[in-house]
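Engineer: here's a sequence, model it:
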Amino acid sequence: MKRPIVAVPMGDPAGIGPEIVVKAFNQKEIHEISKSVVIGEKQTLLKAMEICQIDLKINVIKEVSEGDYQAGVLNLIDLENIVIEDLQYGKVQAMAGQAAFDYIKTSVDLALKGDVDVLATTPINKEALKAANIDYIGHTEILADLTNTKDPLTVFEVDKLRVFFLSRHVSLREACDLVKKERVLDYIERSCAALERIGIKDAKLAVAGLNPHSGENGLFGREEVDEIVPAIEAAREKGIDVVGPVPADSVFHFGVQGRYDAILSLYHDQGHIATKMVDFERTISLTNNMPFLRTSVDHGTAFNLAGTGRASAVSMIEAIKVAAKYGPYFRK
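Structural biologist: The predicted structure follows:
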């Protein structure tokens, strides 16, 4: 089977992105399962290799087709947008924020043209974006705008557990207010469609409960009775294999066991805590419902570790592996 082509935007140059990229590309496995290309800046990567004591050949290319995709080679589309003498590790800088955005945009352009199959992204910094007058709060919002996607769908994967999220970056109060029949039904349908896009047909989905013990038939809250159960029943009438609401203190355990193909979590921390307790470093974020798939490390720029060479590349390696796993389903 042909190796999928994975674009890896380098991330914020002042963070750990360049270091985890060179560490990941130093792994033979990455080259065996994918044709991965970095969109970044050469001098920053050379500095990262020096810091991490890694010796890779940087092959600067203009087109993905020009790459030399074998172990020991880091194929790079060099945007030449960093003055290395001005770069300060661990500091919010407009230059770094602008560069990080440029890497993402170029990666998206490549994916939309069909030159790459999937993206595996590295950390960016919200404050650095703001310093560069780039008005986005994160990757998902950038990707949504650049691809004209109304509402990208986030799913976390770790081991046998896949978790979708009814809401993301909103307050807990607002998250509870968003638990409405129409929204829950929409997310059940879109979650199953997203699973089919990555090769999981006739998926079994579980919906987590919102209240303790899923509300005990209204004793601990009415959301399950008034909103969640009606949504599940409506989905079943459409032929979707969905169960719930399953109490949140057990549903994720059953998910790890493989009882469900995926779980719909009803708010951010409910699902984040569950997945990261399974394996923090190997919890990978996937953004679906776009023209292409995006996987991502699930950690930040770690400014406190930038420039030290101590940052773990486990999550970066796993993000590329997951991208390679699902990339063929998105090949045009």
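Engineer: hey, let's count contacts and neighbours off CA atoms from now on
Structural biologist: Noted.
Engineer: can you give me the neighbour number for residue 103?
Structural biologist: Residue neighbour count, defined by other Cα atoms under 10 Å, stands at 26 for residue 103.
Engineer: phi, psi of it?
Structural biologist: When read as degrees, to the nearest 10, the backbone of residue 103 gives phi -60, psi -40.
Engineer: just to check, residue 10 is in contact with residue 121?
Structural biologist: Yes: Residue 10 lies in contact with residue 121 (Cα atoms under 8 Å); the separation is 7.4 Å.
Engineer: and the two? Which one has more around it.
Structural biologist: The neighbour comparison of residue 10 against residue 121 (other Cα under 10 Å) goes to residue 10, with 33 against 30.
Engineer: and the strands in this protein, which stretches?
Structural biologist: 5-9, 35-40, 57-60, 73-78, 118-121, 153-158, 161-165, 204-208, 241-246, 262-265, 284-288, 293-296 (DSSP state E).
Engineer: so which of the ones you listed is the most surrounded?
Structural biologist: Mean neighbour count, computed with mean count of other Cα atoms under 10 Å, is highest for strand 118-121 among those, reaching a mean of 30.
Engineer: before we move on, the earlier item: got the strands of the chain as TSV, with mean pLDDT and distance to residue 252 columns?
Structural biologist: Shown next, in TSV, are these (pLDDT from 0 to 100; distance: least, Cα to Cα, whole Å):
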stretch	mean pLDDT	distance to residue 252
strand 5-9	96	30
strand 35-40	96	32
strand 57-60	96	42
strand 73-78	97	38
strand 118-121	96	25
strand 153-158	91	11
strand 161-165	95	7
strand 204-208	97	8
strand 241-246	95	9
strand 262-265	97	7
strand 284-288	89	16
strand 293-296	93	21
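Engineer: would CSV of the ones you listed with distance to residue 172 be doable?
Structural biologist: Below are the strands of the chain laid out as CSV (distance: least, Cα to Cα, whole Å):
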stretch, distance to residue 172
strand 5-9, 32
strand 35-40, 36
strand 57-60, 46
strand 73-78, 41
strand 118-121, 27
strand 153-158, 18
strand 161-165, 13
strand 204-208, 16
strand 241-246, 19
strand 262-265, 13
strand 284-288, 21
strand 293-296, 24
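Engineer: now do the domain split for this protein, please.
Structural biologist: By the assignment in automatic domain parsing, the chain contains the domains 5-150+289-330, 160-276.
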